[in-house]
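K.L.:
curious how this folds, go ahead:
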Amino acid sequence: MNKLLIPVDFSEYSQGAVDYACQLILANGNKQTLDLIHVFTNQSNLYVNKQLAPNLVDPQVEVAKMEMTKLKEVIHIKFPSIVCEAIYKSGNLFEEVSKVTASFHYDAVIMGTKGTSGLEAVFLGSNTYDVMLNTKTPVLGIPKDATTCKKERVGLLCNFKKAEIEALQQAINLFGKDFELILIHVNKEDRDIKIIDAQFKAWIAEIIESTGIENISYTVKSQVLYNRVLENISHAINNVLIDEQIDVMLVTKSRKSLFRQFVGENIVRKLAYQMPIPTFFARVHAAK
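P.N.:
Residues are numbered from 1 along each chain as shown. The predicted structure follows:
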């Protein structure tokens, strides 16, 4: 059985991620089920170490269980065919999500990009970029205002690397193949456009053969677009997404990916907050 994992803190942000995930399942006719994980990140040692007082019960546990029950009821009312289960963990959000995904092969972790009790740590913090690069499960980030599932136009930063095909294959598990794929290439070396067009022709043929996606277009952007102050690169990327009317962005996390060349740890915080559309961070192995 295929599953999606959604960290929830019962905020509007995690509720948006849940709604998006349910719509996505129904839109594709997929058979994924949802695991809703709530991590107690603020439990004191008094409650965590029950050996000192086995009868002590942390009041936030009962509150969380009540909130989870309400959430599951809302899901049942809005999406009666969706099956979901609750998981409770105590500790660090990153570590607990990693443990859960290590024990089961989820198609993706879907989460809101900000929350009230720890979810913001998914995208914020000095080690965030490394966490994204090294997670064993694809991650789909859902901005607050992107709770309606749209997937007509899917964008991919393209550098003609095998990892991009891996990213597409993983994305198909979530989004199916019924979308237009827009390949976004940055002409870093100011190459002749005829050479790039010929490369795209061969690359698109390989994508069709490997993934079955046939509705593909591409756009070539000048390097000048990204020759700004480093802190403004996130704005440049977002402008491309808006100009091309992209519904979902696919990002490869290999060391040679175009995304990693342009985005450093020092601007991940800004990029994550300002990403205007759902963004799928694929888990890739390809070295070239």
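K.L.:
what's downstream of whichever helix or strand G141 is part of, the next helix or strand?
P.N.:
Following DSSP states H and E, one finds G141 within strand 139-142. Tracing the chain C-terminally past strand 139-142 and defining elements by DSSP H and E, one meets strand 153-157 next.
K.L.:
what residue ranges in the stretch 101-250 of the chain score low on pLDDT?
P.N.:
114-135, 223-237 (pLDDT under 70).
K.L.:
let's see 50
P.N.:
Low-confidence segments of the stretch 101-250 of the chain (pLDDT under 50): 115-131, 229-231.
K.L.:
residue boundaries of the helices in it?
P.N.:
For the stretch 101-250 of the chain, helices defined by DSSP state H, counting those that start in this stretch occupy the ranges 128-134, 162-175, 193-211, 233-243.
K.L.:
mind giving me the packing neighbours of the strand holding G141?
P.N.:
helix 12-28, strand 108-112, strand 279-281 (3 or more CB pairs under 8 Å, 6 or more residues apart in numbering; DSSP states H and E). (Each C-beta comes from the backbone N, C-alpha and C, glycine too.)
K.L.:
correct me, but E96 touches I37?
P.N.:
Yes. Counting by CB atoms under 8 Å, I37 is a contact partner of E96 at 7.3 Å.
K.L.:
what do those two both touch?
P.N.:
K89 (CB atoms under 8 Å, 6 or more residues apart in numbering).
K.L.:
who touches stretch 204-216?
P.N.:
165, 168-169, 172, 177, 179-183, 218.
K.L.:
out of the helices of the stretch 101-250 of the chain, which is closest to D19?
P.N.:
Nearest to D19 among these is helix 162-175 (15.0 Å), distances taken as CB to CB.
K.L.:
distance between the closest one and the chain's centre?
P.N.:
Relative to the centre of its chain, helix 162-175 is centred 12 Å away, using CA atoms, centre = their mean, to the nearest Å.
K.L.:
also stretch 144-155?
P.N.:
On CA atoms, centre = their mean, the centre of stretch 144-155 falls 12 Å from the chain's centre.
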